[in-house]
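Colleague: Okay, sequence plus prediction incoming.
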There are 2 protein chains.
Amino acid sequence: MEIIVGHQISNSAVSRRATVLLLVSVSMVWPVSMLAQAGTTTGMGSSVDRAGFVNTLMPEPSSLVPESGSFHLDASMTVSVTVPGDLLLEHAATRALIQMENTTGLTLNKNFAADSATASLQIQVSQSAKEVQSLDDDESYTLSVRPGKIVLQAPSDLGAMHGLQTLLQLIQQEPSGYILPAVTITDTPRFRWRGLMIDVSRHFQPESVILRTLDGMAAVKLNVFHWHLTDDQGFRVESLRFPKLQNLGSDGLYYTQNQIREVVAYARARGIRVVPEFDIPGHAISWFVGYPELASGPGPYKIERTFGIKDAAMDPTQESTYKFLDTFIGEMSSLFPDAYMHIGGDENKGKQWMANPSIRSFMQAHQIENPAGLQVYFNKRLLKILTKYHKRMMGWDEIMTPGLPNDIVVQSWRGVKSLNQGAKDGYQGILSAPYYLDGMRDTATHYLADPVPADSDLNAEQQKLILGGEVCMWGELISPQTIDARMWPRTAAIAERFWSPAAMRDVDDMYRRLQVMSLRLDADGLQQISDPQRLQRQFIGAGSSPEFAVLISVLEPVSLHERSHLKHPDQWMPLNDLVDAVIPDPPSRHNFAHAVGEFLGDAAQHERAKYNLEKLFQSWQQTAPTLSILMQRSPRLTGDSVRAEQLAELGNIGTEALLYLEAPSAIPPGWKDAKLAEIHAIEEQKSLVRFTILEPLTQLVQATGGEEASTQSH
Amino acid sequence: MEIIVGHQISNSAVSRRATVLLLVSVSMVWPVSMLAQAGTTTGMGSSVDRAGFVNTLMPEPSSLVPESGSFHLDASMTVSVTVPGDLLLEHAATRALIQMENTTGLTLNKNFAADSATASLQIQVSQSAKEVQSLDDDESYTLSVRPGKIVLQAPSDLGAMHGLQTLLQLIQQEPSGYILPAVTITDTPRFRWRGLMIDVSRHFQPESVILRTLDGMAAVKLNVFHWHLTDDQGFRVESLRFPKLQNLGSDGLYYTQNQIREVVAYARARGIRVVPEFDIPGHAISWFVGYPELASGPGPYKIERTFGIKDAAMDPTQESTYKFLDTFIGEMSSLFPDAYMHIGGDENKGKQWMANPSIRSFMQAHQIENPAGLQVYFNKRLLKILTKYHKRMMGWDEIMTPGLPNDIVVQSWRGVKSLNQGAKDGYQGILSAPYYLDGMRDTATHYLADPVPADSDLNAEQQKLILGGEVCMWGELISPQTIDARMWPRTAAIAERFWSPAAMRDVDDMYRRLQVMSLRLDADGLQQISDPQRLQRQFIGAGSSPEFAVLISVLEPVSLHERSHLKHPDQWMPLNDLVDAVIPDPPSRHNFAHAVGEFLGDAAQHERAKYNLEKLFQSWQQTAPTLSILMQRSPRLTGDSVRAEQLAELGNIGTEALLYLEAPSAIPPGWKDAKLAEIHAIEEQKSLVRFTILEPLTQLVQATGGEEASTQSH
């Protein structure tokens, strides 16, 4: 069986080699993707969803009807933009044309046609763009692609921008040129609040990182950038009123007000709202470095370098605190035009409050029983200030307390249960708990987590209070050189959860489209492919090493929690170990599980899957001698070199399992138990990097049917 | 013979596969490099220059004496900075420590030691840093590395910065950790002016590109960034006095004055002067879009989109022109603190002047005979303005005319002969002609070109007038996504020419060190490896394709001249074809020539070289079926798919040549002529990408000794 993904090769020697390389370097390191666009199937999920139309859209639109024929994209295309009175959409259209050029290499006409009726791409919007977006904006659009004519219609510039992204994703290559298949798309988001939060306090992210992130968000139709600007470990925004905030609280790493304005404008131009977070009363040590009088305990304070929950908290009993906050929030309100302001409010245990006699007296005088009560008092005072500046309050679960009005928005890090309780109490909310990227979970898990699950016990009115969700990228263990690979492409799949109809839950198909989407983001300048490769080059001291690539392809980082437990990181620790160079949920996880599934369960695919698995296990076995020399030589890799030895052994186990599945009678006594124990021991071993392949391999060993000792328990 | 670069592998099947992959992916795509640091030899030049010391420095210092032992780099290192009264050097030292952390993964102590006598790394500078650098600054340093103690001494912060770069390059890894071999280095640059020019007019380069370029320049000890800010195709600097310059002349793509100040400060912090160029009286169409009254012909003017020499020129006969220039140069003089200002002055043929009757009358009235004379008049007036603002004039060869004083600096695009004539006439000059990167010449050619060649006919006094040289990166065919791979790593080798002693001309050794240097630049954030790989991913629609990588590895772009001739590019043309994704002088050129040289001429290496060549030719042959499908499928690649077919044929020719070299009697009649003709035809074929391997392959075929037809002539 010499059937190879997307290729027909006659010479068998060539074929064998090509297959190995495809498996190693394409299928496993980065799977076949655009190949799907040319109409082949990858065996990793169907690439053809609807009659003849190769769907690689992400997020999926709410309705798509394939039509006959296609639009041929070439230099003759003319574009018209019909929109009352502003330039935002014209700029968006120009950017889309430049992206088309990048995709195709064509030089397109970027002067908009004067006669909109004859243009081959017509963009029609009925309302002029608002300077500041709001939660209630209509983001829908319709897109009609026909031979010779494309019409994109939307009530607002926002819908048109989303439609342009869909348009870009429709481009397919054929040997003769580029086409867009004829379709009718009617699309509108399921949720109004589709956010991504980045913590820039624990590790600062330069403006350039934020800008490219906004490009990525726009590509997958996210519409809220939640900017976690302050925390114990750094105050990242310039205040002209209180300059010691950034001057003493940031190591010089903060955004100037000019930069903030640039980011806000860049986001608005892409249909994205910017919601700033100033986390108080806890998580505020960086404020106290310059202004210790805000704290509940005596100073002096230093920027916090370690992570975790700290005791220090703002003093809610001093009028001077509210005077300061009034001035500060007034200043920030004019800098950030969005209607919402996030005040954090999380994880204050009240220790510093209770240790302060004057605060205890205040509580007694005001009949406040406990720290939670004092925080309610603080939040009520804060709410008045926010209201004064026409901002709506947003915060983490903890702000959802009796006495605060229902027009605040609760962001749930605790999960659907807490979110639903809020909805039952009348609070608007967004879900974040299942979308914490630092948990290093696989994309499918994030993808299947729904803000309003099918079995939700909320009634229709309560469900309306669930505004959407937010992906959270916390900053303990990310640097500008690693953040992209932690965020992308997983965030694209979550964006689909927030945008597309609830019924879309096909994990195989999501992974197939995700691989294409990742290459699109790569082309747009996101670094999730380039960054890990750069770090890998540094490890091996060369441009590439096929053996190292094989190892990397089946490893992923452990979660923030596990890494913190093993290594006790702080803000100073360089983030350039092997764990920083491997990516969460690499394609190997899904692809290997899929191949094992086909081999064991799909008679039609059995022989092909077997051949591919054989080659794959051989590639693992063959890494051993080279990797062992390479990793022992590098001080940074020696700690993980055991993973190289284990990979070769896992290759042996896989090879043997394939043999014994054909010849069960040859299985030596005790073989199965011994191999299961080996895999289990590898799984249990503490390390900063873990294998993605152990579960399907265990299935394979178990499928051999070898005797299982009664004492064995897994 | 199974000897493999840097590896010992026992299993022969594994070994064979590993060899192929090493050849393809390491040696040819990106050769072994840091491996050299571990003490192995690569066969591509000696990695051990001096007793036991593995030298990967670039540029080479003027004197290096290896000592015994080494300094062990670990978290216990303490650092002191002794410098009178400024922070520049402390910041440079902190950056160096962060780079050490990036290299090693160690967390280093970044608080400087109070007691400088006991610190393990002592940085001692005797003069405080000047706010503005000058041509006459002392850039020398001495560096003593001993077990337990490193001392870096320099008269100025500039020398210390260079010394820190050398220090970073000395770090070597051993299995037990990181060390710096004990050495004594005494170092000073050969030339005072070591520049890199970037043309940001024809294609704009964002500030982020400029900043990372300055990092690269600092790493290789270049000290002048020549910023070609204006030309026919775009005016790239903000003028507050004449805002229509940038508002109408730049498509909105220009540097704000804030950005200019940031770049100047960033450069100064790295020991780099910034010399701005405002190219007049020709190359100035972008000025005329906003201010047509400056031109010698009637307007209106548009930003020029095509390339090449244009007729339009500033009107040198109007007093209003000089009033404008006085104000403009006054404004720019305060923005750019360097003592030099470049006024271009090149390629004005005077056509627009001679077509203007009023200008002709002026010439007659002033007894000016021809356009050259009028330009002398213009330059003299300009010189007065520059002098008023305390700037020294710099320009291209054309400004070197009778009547201009000797304190101007001439930048020679015409070559050594013109430069030497200038020196004989008493002009200071710098050489640029051999360092034009858009000629896509190999690194060795650039490297061997010397501003003062060994056979120079200048006397000692005249030689002193040759200040140095400048690498030139013109902007016709570069984008922010391709510029790094056009500049690096070739610029590093030219930087060595400008810095190191003239006698250092070992090309093999330069290439060996260049490969290491390229990985260092990659780690520092330069994009010369990442950018082409990103574009390649877009072509193949997947993360990687081994076959495509093999093809890419033996192709390089044709020169600006050839590409312009074949394709007539303009400013609008997307720069994302195959020619933009292949790199000039890829390692394959030198490595393949070297391997053929060893095979034919070095008995000791013959068998190993033969084995490697066999595998290499097979890898070329085996690309054919996969590549042919891939390239025919992509509209952007079909034009070059003939190169894929040719590569397989070149592999056949190589394989046959190896066979016939062993069995000359088996050579079929006419074989040699036919194959030489095939290679020649492939060489002659017009295409935007050309092979790097044809010359050594021709040698190989010729070495077979097959009969050569008398009619054959190559």
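Modeller: Noted; the coordinates are in hand.

Colleague: State the distance from residue A:478 to residue A:584.
Modeller: Going from residue A:478 to residue A:584 by C-beta to C-beta, to the nearest Å gives 12 Å. All C-beta atoms are positioned from the backbone trio N, CA, C, and that covers glycine.

Colleague: intersection of neighbour lists for those two?
Modeller: Common contacts of residue A:478 and residue A:584, defined by C-beta atoms under 8 Å, 6 or more residues apart in numbering or on different chains, comprise residue A:486.

Colleague: neighbour-wise, which of those two wins?
Modeller: The residue with more neighbours, out of residue A:478 and residue A:584, is residue A:478; 26 against 21, by other C-beta atoms under 10 Å in any protein chain shown.

Colleague: check which helix or strand covers residue A:676.
Modeller: helix A:671-684 (DSSP states H and E).

Colleague: Quick check: next helix or strand after that helix?
Modeller: Counting by DSSP H and E, the next helix or strand C-terminal to helix A:671-684 is strand A:689-691.

Colleague: So what touches that next one?
Modeller: Residues contacting strand A:689-691 (C-beta under 8 Å, 6+ apart): A:554-558, A:578-579, A:582, A:640, A:643, A:646-647, A:650, A:682-683.

Colleague: So which of those sit within strands?
Modeller: Among the contacts of strand A:689-691, DSSP state E puts A:555, A:556, A:557 in strands.

Colleague: Packing partners of the helix holding residue A:676?
Modeller: helix A:641-662, strand A:689-691, helix A:694-703 (3 or more C-beta pairs under 8 Å, 6 or more residues apart in numbering or on different chains; DSSP states H and E).

Colleague: The same query, at a cut-off of 7 Å, please.
Modeller: Secondary-structure packing of helix A:671-684 (3 or more C-beta pairs under 7 Å, 6 or more residues apart in numbering or on different chains; DSSP states H and E): helix A:641-662, helix A:694-703.

Colleague: Can I get it in PDB? Just the C-alpha atoms.
Modeller: Listed next in PDB are the C-alpha coordinates belonging to helix A:671-684 (Å, rounded to 0.1, in the frame of the first residue of the first chain):
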ATOM      1  CA  TRP A 671       4.800  -8.300  27.400                       C
ATOM      2  CA  LYS A 672       1.500  -6.300  27.500                       C
ATOM      3  CA  ASP A 673       1.800  -5.600  31.200                       C
ATOM      4  CA  ALA A 674       5.400  -4.600  30.900                       C
ATOM      5  CA  LYS A 675       4.700  -2.200  28.100                       C
ATOM      6  CA  LEU A 676       1.700  -0.600  29.700                       C
ATOM      7  CA  ALA A 677       3.700  -0.100  32.800                       C
ATOM      8  CA  GLU A 678       6.500   1.500  30.800                       C
ATOM      9  CA  ILE A 679       4.100   3.900  29.200                       C
ATOM     10  CA  HIS A 680       2.500   4.600  32.500                       C
ATOM     11  CA  ALA A 681       5.900   5.300  34.100                       C
ATOM     12  CA  ILE A 682       6.700   7.700  31.200                       C
ATOM     13  CA  GLU A 683       3.400   9.500  31.800                       C
ATOM     14  CA  GLU A 684       4.000   9.800  35.500                       C
END
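
Colleague: what angle separates it from helix A:694-703?
Modeller: Orientation check (axes from the mean of the first three to the mean of the last three C-alpha atoms, to 10 degrees): helix A:671-684 against helix A:694-703 gives 170 degrees.

Colleague: Go through helix A:671-684 and flag the buried ones.
Modeller: By 16 or more other C-beta atoms under 10 Å in any protein chain shown, the buried positions in helix A:671-684 come out as A:671, A:672, A:673, A:674, A:675, A:676, A:678, A:679, A:682.

Colleague: now swap in stretch A:581-588 and tell me
Modeller: Buried residues in stretch A:581-588, counted by 16+ other C-beta under 10 Å: A:581, A:582, A:583, A:584, A:585, A:586, A:587, A:588.

Colleague: Now do the fourth one against residue A:440, distance only.
Modeller: Put plainly, it is residue A:584. Between residue A:584 and residue A:440 the computed distance is 4 Å (C-beta to C-beta).

Colleague: who touches both of the two?
Modeller: Counting by C-beta atoms under 7 Å, 6 or more residues apart in numbering or on different chains, the contacts common to residue A:584 and residue A:440 are A:556, A:557.

Colleague: ok, back up a step: pLDDT and neighbour count added to the ones in strands among the contacts of strand A:689-691, as a markdown table?
Modeller: Formatted as a markdown table, the ones in strands among the contacts of strand A:689-691 follow (pLDDT from 0 to 100; neighbours: other C-beta atoms under 10 Å in any protein chain shown):
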| residue | pLDDT | neighbour count |
| --- | --- | --- |
| A:555 | 97 | 23 |
| A:556 | 97 | 21 |
| A:557 | 97 | 24 |
